[in-house]
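Peer 1: one predicted model, sequence on top.
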Amino acid sequence: MSRSTAEIVREYGPFPAVDQVHGVTYDGQHVWIAAGDTLNAFDPASGKTLRAIDVAAHAGTAFDGQHLFQLAEDRIQKIDPKTGRVLATIPAPGGGGDSGLTWAEGTLWVGQYRDRTIHQVDPHTGAILRTIESNRFVTGVTWIDGELWHGTWEGDESEVRRVDPRTGEVLERLEMPPGVGVSGLESDGGDQFFCGGGGSGKVRTVRRPRRGPATGSGAEISVDSTSK
Amino acid sequence: MDSLITAAARALAAGDPLGALKRVALRDDAPALALRGIAMAQLGDLVRAKALLRRAARAFGPKEAVARARCVVAEAEIALVSRDLGWPAKTLDAARATLDAHGDRVNAAHARYLEVRRLLLIGRLDAAERTLAELDPAPFPPASRTAHELVVAGIAMRRLRTKAARAALARAERAARLARIPALTAEVESASLVLNTPAARLLASGEERLLLLEEVETLLASNALVVDACRHVVRDARTVASLARRPVLFALGRALGEAWPGDVPRDTLVARAFGAKHADESHRARLRVEVGRLRTVLRRLADVRATKRGFALTPRLAREVVVLARPVEEEHAAVLAFLADGESWSSSALALALGTSQRTVQRALDALAAAGKVQSCGRGRARRWMTPPVPGFTTTLLLPAPLPID
């Protein structure tokens, strides 16, 4: 397992009328944040808020290329980002204990916070297809290049970690500075993560470590190969 | 934080405790227990609230120290509001230190206010004042600032500093308006009422007049010799002689004060001080002894001069002598006079001070407690009595949010 300090590249927010960021997703152009009663989109280049959809948004957010998915209470809502309309609703696998949400290859992945699990869910029925155990509270979840990453936040300690999607084994850990938490997680499709900052009302970008021999700015990865 | 907890917390923050309960009623994990506890407290079920918060504090993991500390603070506030003063101050202090160490300054300050309010409530004015002096309310939200100013006003009133009390109440009123909590505004109003209600009665030259707290303060700073029957002291602007534990001497002093500048016949003094209907020789001898003692106690304030028919008071520096009494002279006035110092008393100390039996004092205290004029804290030998609170004890719950992520 490799372990390093998370490299925070940029900070966005706090945003107007947003006290907490409960979830975060990226539609290729805009970053969406779940702000309680609204889903807000901002431009990652300028950091400016572009629009807000009035919809309950209590935890994780996901984007499937066409629709937004949003956790609210104990449900997952499917939302048309153009109109803001809720098109469908399925039960959330954790019955309300759900935190993170992401889309990958036709299914939804849902983090269950205090149960320390991640479920793979059928996006049409809400049926649980598979469950992975973590050993930390699970906040945001995201997939990038066949890697499953999730945020953890327990008291003062927060990390972004890569886990084996079959066994849940921790493969890589990026430690956030003390007091800085990750409440939501989404890859930008490249080498960065957008991390929701909970009550700080911020979104931070964290660099994804490069693979293979350290080149260029990859020096921040201190490889510590203690296997679990 | 998970989805349903967020939804419940938002409902709670929006003043909808039932909405919060609806969402987490069936959940027993730590954040759900904490939210249920806060919601129950807001709904007025303090017993249930306390139990839930205690379970929540235990259920939070070792790394969730802040969440646990907030539960402890919330439980302490509920204990204070339900006048459970035996609540362990050490636990609250440890929680405050945890919150401080983790940068949760608002809730750390809230824990401090609870501590000050408790000190004020159990009549430890000096300690309350010292603790309060360490706090700067400026960076805190309006609700906490209101609570802070109410405590400042409460101490100032106990200390008879009415100007400071008025200023603090004015600040409290402004903060309460910003906080938009109607119950808090009402607390400030009722506190202000105390300043506009007669606090004492002045007996001077055979006449009586009700005094506001401000006038009492002015009187005590004037060059009058005041025989203060609210606190059982005799004082002028410079010197205070306490007769709190000398009830016979105080009765004599008061009789002399009421008659000033005239004198008081020996028989009257015997009747007032010893309760005897007719003064015989032994009474007169005892009177001489007691007057001698009074003379010693008051030597820097006044002379007790013998006249043809009795005794009279001659102040040393003061220009006049007045008596200050409670607005309404009631039964058990002596007990109330002792408690008027704002400190807490044991019934045995009161019995000693009053020179009566503990049973008599206990009966008086029970009657006064039933009338809502005194209150007690603690049990058995540790039980202490005091007059009901002056402002500074908001009964409005300003509970901290107990959630681990924010």
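Peer 2: Okay, I see it.

Peer 1: what about A:Arg85, how many neighbours?
Peer 2: Neighbour count of A:Arg85, defined by other C-beta atoms under 10 Å in any protein chain shown: 12. For the C-beta atoms, the positions are set from N, CA and C on the backbone; glycine is no exception.

Peer 1: distance of the closest residue to it other than its chain neighbours relative to B:Gly253?
Peer 2: Spatial nearest neighbour of A:Arg85, chain neighbours left out: A:Ile79 (6.9 Å); criterion: C-beta to C-beta, 6 or more residues apart in numbering or on different chains. Going from A:Ile79 to B:Gly253 by C-beta to C-beta, to the nearest Å gives 82 Å.

Peer 1: neighbour-wise, which of these two wins?
Peer 2: B:Gly253 (29 against 24).

Peer 1: send over the host helix or strand of the more buried one as CSV, restricted to the C-alpha atoms.
Peer 2: Using DSSP states H and E, B:Gly253 sits within helix B:247-259. C-alpha atoms of helix B:247-259 as CSV (Å, rounded to 0.1, in the frame of the first residue of the first chain):
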residue,chain,number,x,y,z
PRO,B,247,-29.5,38.6,64.7
VAL,B,248,-30.0,40.3,68.1
LEU,B,249,-27.5,43.0,67.3
PHE,B,250,-29.1,43.6,63.9
ALA,B,251,-32.6,43.9,65.5
LEU,B,252,-31.2,46.5,67.9
GLY,B,253,-29.4,48.3,65.0
ARG,B,254,-32.5,48.3,62.9
ALA,B,255,-34.7,49.6,65.7
LEU,B,256,-32.2,52.4,66.3
GLY,B,257,-32.0,53.2,62.6
GLU,B,258,-35.7,53.4,62.2
ALA,B,259,-36.0,55.9,65.1
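
Peer 1: distance from it to the middle of the chain?
Peer 2: 27 Å (C-alpha atoms, centre = their mean, to the nearest Å).

Peer 1: try stretch B:257-264
Peer 2: 34 Å.

Peer 1: that older thread, by contact count, what packs against the helix holding B:Gly253?
Peer 2: strand B:224-228, helix B:266-274, helix B:281-297, strand B:310-315, strand B:320-325 (3 or more C-beta pairs under 8 Å, 6 or more residues apart in numbering or on different chains; DSSP states H and E).

Peer 1: what residues of that helix count as buried?
Peer 2: The neighbour-count check on helix B:247-259 (16 or more other C-beta atoms under 10 Å in any protein chain shown) flags B:247-259 as buried.

Peer 1: got the angle for that helix vs strand B:310-315?
Peer 2: Calculated by axes from the mean of the first three to the mean of the last three C-alpha atoms, to 10 degrees, helix B:247-259 forms an angle of 80 degrees with strand B:310-315.

Peer 1: quick one: the residue in the stretch 201-350 of chain B that chain A sits nearest to from A:Asp74, how far?
Peer 2: Closest to chain A within the stretch 201-350 of chain B is B:Ser344: 38.9 Å, counting by C-beta to the nearest C-beta. According to C-beta to C-beta, B:Ser344 and A:Asp74 sit 50 Å apart.

Peer 1: what does B:Pro88 give?
Peer 2: From B:Pro88 to A:Asp74 the distance is 38 Å (C-beta to C-beta).

Peer 1: which one of those two has more residues nearby?
Peer 2: Set B:Pro88 next to A:Asp74 and count neighbours by other C-beta under 10 Å: A:Asp74 wins out with 19 against 11.

Peer 1: which ones are touching the more buried one?
Peer 2: Contact analysis of A:Asp74 by C-beta atoms under 8 Å, 6 or more residues apart in numbering or on different chains lists A:Pro91, A:Ala92, A:Gly94, A:Gly95, A:Gly96, A:Asp98, B:Ser3, B:Leu4.

Peer 1: excluding covalently adjacent residues, which one is nearest to it?
Peer 2: A:Gly96 is the one closest to A:Asp74 (C-beta to C-beta, 6+ apart), at 3.6 Å.

Peer 1: residues contacting the helix or strand of chain B with the lowest mean pLDDT, please?
Peer 2: When the helices and strands of chain B are scored by mean pLDDT, DSSP states H and E, helix B:333-339 comes last with a mean of 75. Residues outside helix B:333-339 that contact it (C-beta under 8 Å, 6+ apart) are B:229-232, B:244, B:247, B:326, B:330, B:345, B:350, B:353-354, B:361, B:364-365, B:368, B:373-374, B:385-387.

Peer 1: which positions in chain A make contact with chain B?
Peer 2: Taking C-beta under 8 Å from any C-beta of the partner chain, the part of chain A that reaches chain B is made up of A:20, A:22, A:36-37, A:56, A:58-60, A:71-74, A:92, A:94-99, A:112-114, A:153-157, A:179, A:181, A:183, A:198-199.

Peer 1: buried subset of the residues you listed?
Peer 2: Here, 16+ other C-beta under 10 Å leaves A:20, A:22, A:36, A:56, A:58-60, A:71-74, A:92, A:94-99, A:112-114, A:153-156, A:181, A:183, A:198-199 buried among these.

Peer 1: tell me the SS of the residue nearest the centre of chain A?
Peer 2: The residue lying closest to the centre of chain A (C-alpha atoms, centre = their mean) is A:Leu185, at 2.0 Å. Of the three states, A:Leu185 takes strand under DSSP: H, G, I helix; E, B strand; the rest coil.

Peer 1: if we can go back for a sec, show me the residues around the residue nearest to A:Asp74 that make contact.
Peer 2: Applying C-beta under 8 Å, 6+ apart to A:Gly96 gives the contacts A:Glu73, A:Asp74, B:Asp2, B:Ser3, B:Leu4, B:Ile5, B:Ala7, B:Arg23, B:Arg27.

Peer 1: now do 10 Å
Peer 2: A:58-59, A:71-75, A:112, B:2-8, B:23-24, B:26-27, B:32 (C-beta atoms under 10 Å, 6 or more residues apart in numbering or on different chains).

Peer 1: over to A:Asp37?
Peer 2: With C-beta under 10 Å, 6+ apart, A:Asp37 has these contacts: A:Ala17, A:Ala52, A:Asp54, A:Val55, A:Ala56, A:Ala57, A:His58, A:Ala72, B:Arg10, B:Ala14.

Peer 1: narrow those to those that are buried.
Peer 2: A:Ala52, A:Val55, A:Ala56, A:Ala57, A:His58, A:Ala72, B:Arg10.

Peer 1: thought the third one was touching A:Ile76?
Peer 2: Same thing as A:Ala56. No: between A:Ala56 and A:Ile76 there is no contact under C-beta atoms under 10 Å: 11.3 Å.

Peer 1: re earlier: show me the contacts of A:Gly96 that map onto helices.
Peer 2: Of the positions in the contacts of A:Gly96, B:Ser3, B:Leu4, B:Ile5, B:Thr6, B:Ala7, B:Ala8, B:Arg23, B:Val24, B:Ala32 sit in helices, assigned by DSSP state H.

Peer 1: all set now, cheers.
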